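1. Got a predicted structure here, sequence first:
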Amino acid sequence: MKVGMVAHHYPHPSHREEFVARVRRVAEVFRQAPGCLAADCWLSADGEAVVSTVQWESEEARDASLVSLGAAGVDVEFDEREVRPREIVPLVAC
């Protein structure tokens, strides 16, 4: 079953460009993982949120690509560069 994720990230305005680069790097790693169907980076129309979307062909592919982030040394940690907690919504195809 196809699964996905939408994540809203809220960086400080002074870190927005850096954060967009971080999310784009994560999307690149995801896209290289077997079973990843799509990974993109968006900016909300008001410029407040950096939004990442990912689709996988299965839960197993999702789990494996999450492990690949650690192996790639990608920065995914929540820290003081963000003004509020991330909102992450897991999805399943219907």
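-> Received, thanks. All values reported here derive from a predicted model rather than from experimental measurement.
2. which strands and helices sit next to the longest helix seen in the chain?
-> What stands out as the longest helix in the chain, according to DSSP state H, is helix 16-32. Packing contacts for helix 16-32, counted by 3 or more C-beta pairs under 8 Å, 6 or more residues apart in numbering; DSSP states H and E, involve strand 3-11, strand 36-43, strand 50-56, helix 59-72. Yep, even glycine has a C-beta here, placed from its N, CA and C like the rest.
3. Save these as a markdown table, and put in distance to residue 28 too.
-> Shown next, in a markdown table, are the helices and strands packed on helix 16-32 (distance: least, C-beta to C-beta, whole Å):
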| stretch | distance to residue 28 |
| --- | --- |
| strand 3-11 | 16 |
| strand 36-43 | 8 |
| strand 50-56 | 12 |
| helix 59-72 | 9 |
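4. Please convert those to a markdown table, extending it with mean pLDDT.
-> Shown next, in a markdown table, are the helices and strands packed on helix 16-32 (pLDDT from 0 to 100):
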| stretch | mean pLDDT |
| --- | --- |
| strand 3-11 | 97 |
| strand 36-43 | 97 |
| strand 50-56 | 98 |
| helix 59-72 | 91 |
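5. mind checking which of these is nearest residue 85?
-> strand 3-11 (7.9 Å; C-beta to C-beta).
6. Buried residues, the closest one. List them.
-> Of the residues in strand 3-11, 3, 4, 5, 7, 8, 9, 10, 11 count as buried by neighbour count, 16 or more other C-beta atoms under 10 Å.
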